[in-house]
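*Asks:* Let me see the structure of the following:
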Amino acid sequence: MLEVNDGTGVFADCTLLEEADLSQTGITELEGTFEGCSALETVKLPENITKIGFGTFTGCSSLEKMDLSQTLVTEIGGSAFSACSGLKTVKFPKTLTAIDSYAFLSCKNLTGELDLSQTAVKTIGICAFYKDGGVLGKIRLPKTITEIGSEAFSWETTDGPEKIYVITSLSKDKINAEAFKRNVPVVVCPYLYTIKFDGNGAAKGKMSERACAAGQKEKLSKNKFEKKGYTFAGWNTQPDGKGTFYEENAYVKNLTKKADEVVTLYAQWKAAQYQITYNLNGGKNNKKNPKTYKITSKTIKLSNPSKKGYVFKGWYCDKKCTKKVTSIKKGSTGKVTLYAKWAKEKYTITYKLNGGKNNKKNPKTYTITSKMIKLAAPTRKGYVFKGWYRDKKCTRKVTSIKKGSTGKITLYAKWKKK
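*Replies:* Here you go, the predicted structure:
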């Protein structure tokens, strides 16, 4: 550790210097002190220092942070931190009143948020934060600001946020029109707030928080959350939906009057309705079987359909009827297609021969698809067969059973003595 009591150009171009401690010195001003110290990583400054002069840290590319918050610095001089390409964060003191031209020129890693709101800064010089890479997303300016130089916050690239937010009490017309030259759109506002998106029970998806400017309309982000069995139904300020409702792509403005407050919007969900398709294969569905269901529906016990001449053998979820299903359980999701399986019903034919003997050609059973059955005559010794009848009194004669017939059949033989 090297200690010194003089701050003017004393370490310039010391390319091997990595650390310096000036905290115990009486130095109040620095100028060119560490210029070209490319390996410098850590610096401790005295609390009573009042000025970081011209070129003090120019080219200190290894310096990543600078904390001036506990010092009495009133001015950061021209090119004081220019070409500090590794500089990521700077904390400014309340006493600061001026940032001179080119002070942070080409500090490409100084991105995110630049907060000067707690300082007394009145002037920011030409190209003070001009960079050839990286973009500041938020710039907080104090109420004391009166002048911003040309291209003070300009970039050679548009990589970065969609908008630059300048938080200041100044109206936009009082800010130098060239201050943000070659940059993405600038939104000047008195304060920022954040919108946080909550999935409210979602199992999948992530959404980034949104910085919003007071007085500006902001379009809500498109929903990226997913909840099984539900469809997205908008946003609400309350999880239970009893707050203020917003459509997915709604424009909102001033969701809060408090600076830096986080406003949480909760996803609202509606149980999705799924279709149930019944492939009846010629049958007729049971009215008890619903056409749709939801994840919240009670377990649906599937009822049997009907088909003339057939016996129902069950519902299946595949065409080949290998995966049988009897119900749709509560908590199920997705479209459901069901296939009815059928077997031909066999009907018995009962012959009331009244003492006769049946003809072997007469079948004992038939189905709806059987060819027309021409009934053969039975025999009875000493009698002449007078036909088959459907009733005991032998008033309704029948000679055949037509194709497509169904049901049990009882036939009565009629005889006449020879």
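
*Asks:* and the residue nearest the centre of the chain, what are its phi and psi?
*Replies:* Centroid-nearest residue in the chain, with C-alpha atoms, centre = their mean: Lys224, separated by 1.3 Å. Lys224 adopts backbone torsions of phi -120, psi 0, taken as degrees, to the nearest 10.

*Asks:* do you know how far it is from Ala267?
*Replies:* 10 Å (C-beta to C-beta, to the nearest Å). Quick note: C-beta positions are derived from backbone N, CA and C, even for glycine.

*Asks:* Likewise for Lys402?
*Replies:* In terms of C-beta to C-beta, Lys402 sits 64 Å off from Ala267.

*Asks:* Output the below-cut-off pLDDT ranges for the stretch 1-150 of the chain.
*Replies:* For the stretch 1-150 of the chain, the stretches flagged by pLDDT under 70 are 1-9, 133.

*Asks:* Which parts of it are strands?
*Replies:* For the stretch 1-150 of the chain, the strands defined by DSSP state E, counting those that start in this stretch occupy 19-21, 29-30, 42-44, 51-52, 65-67, 75-76, 89-91, 98-99, 112-115, 123-124, 136-140, 147-148.

*Asks:* Mind putting those into CSV with mean neighbour count and distance to Tyr366?
*Replies:* Output for the strands of the stretch 1-150 of the chain, formatted as CSV (neighbours: other C-beta atoms under 10 Å; distance: least, C-beta to C-beta, whole Å):
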stretch, mean neighbour count, distance to Tyr366
strand 19-21, 16, 105
strand 29-30, 22, 112
strand 42-44, 17, 102
strand 51-52, 24, 108
strand 65-67, 16, 96
strand 75-76, 25, 105
strand 89-91, 16, 93
strand 98-99, 24, 103
strand 112-115, 16, 86
strand 123-124, 22, 101
strand 136-140, 19, 84
strand 147-148, 20, 100
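
*Asks:* Tell me how this protein divides into domains.
*Replies:* Structural domains assigned to the chain are 193-269, 273-344, 347-417, following automatic domain parsing.

*Asks:* Let's have the ones you listed in CSV, adding mean pLDDT.
*Replies:* CSV is the format used below for the domains of the chain (pLDDT from 0 to 100):
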stretch, mean pLDDT
domain 193-269, 95
domain 273-344, 98
domain 347-417, 97
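
*Asks:* now these in a markdown table, with distance to Ser101?
*Replies:* A markdown table is the format used below for the domains of the chain (distance: least, C-beta to C-beta, whole Å):
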| stretch | distance to Ser101 |
| --- | --- |
| domain 193-269 | 28 |
| domain 273-344 | 63 |
| domain 347-417 | 99 |
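
*Asks:* returning to what we had before: dump the residue contacts of the residue nearest to the centre of the chain.
*Replies:* Shown in contact with Lys224 (C-beta atoms under 8 Å, 6 or more residues apart in numbering): Gly205, Lys206, Met207.

*Asks:* Which among the residues you listed count as buried?
*Replies:* Buried members of those, scored by 16 or more other C-beta atoms under 10 Å, are Met207.

*Asks:* Between the contacts of Lys224, which sits nearest Asp13?
*Replies:* Using C-beta to C-beta, Lys206 comes nearest to Asp13 of these, at 48.0 Å.

*Asks:* And the closest one, how far from Glu113?
*Replies:* Applying C-beta to C-beta to Lys206 and Glu113 gives a distance of 22 Å.

*Asks:* hang on, Asp173 in a strand?
*Replies:* No: counting by DSSP: H, G, I helix; E, B strand; the rest coil, Asp173 falls outside a strand, being helix.

*Asks:* What's the local residue count around it?
*Replies:* Around Asp173 sit 7 other residues, with neighbours defined as other C-beta atoms under 10 Å.

*Asks:* that older thread, among the contacts of Lys224, which lie within helices?
*Replies:* Assignment to helices by DSSP state H places none of those there.

*Asks:* Might one say that Pro239 is in contact with Trp269?
*Replies:* No: with contact defined as C-beta atoms under 8 Å, Pro239 does not reach Trp269; the gap is 10.5 Å.

*Asks:* Overlap of the contact sets of the two?
*Replies:* Common neighbours of Pro239 and Trp269, counting by C-beta under 8 Å, 6+ apart, are Asn200.

*Asks:* more crowded one of those two?
*Replies:* Trp269 (19 against 14).

*Asks:* Can you verify the more buried one is assigned to a helix?
*Replies:* No: going by three-state DSSP, the assignment for Trp269 is strand, not a helix.

*Asks:* Just want to know which of Lys402 and Ala267 has more residues nearby.
*Replies:* Each of Lys402 and Ala267 has its neighbours counted (other C-beta under 10 Å); Ala267 has more, 25 against 10.

*Asks:* what residues are up against the more buried one?
*Replies:* Here Ala267 is in contact with Phe197, Asp198, Gly199, Asn200, Gly201, Ala202, Asn223, Phe225, Lys227, Phe232, Trp235 (criterion: C-beta under 8 Å, 6+ apart).

*Asks:* go with 10 Å
*Replies:* Residues near Ala267 by C-beta atoms under 10 Å, 6 or more residues apart in numbering: 197-202, 205, 207, 223-227, 230, 232-236, 239, 248.

*Asks:* Type out the PyMOL command that picks the buried ones from these.
*Replies:* Buried members of the contacts of Ala267, defined by 16+ other C-beta under 10 Å, are picked up in PyMOL with:
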select buried, resi 197+199+200+202+207+223+225+227+230+232+233+234+235+236
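
*Asks:* Okay, and which of the contacts of Ala267 map to strands?
*Replies:* Those of these mapping onto strands are Phe197, Asp198, Tyr230, Phe232, Ala233, Gly234, Trp235, Asn236, per DSSP state E.
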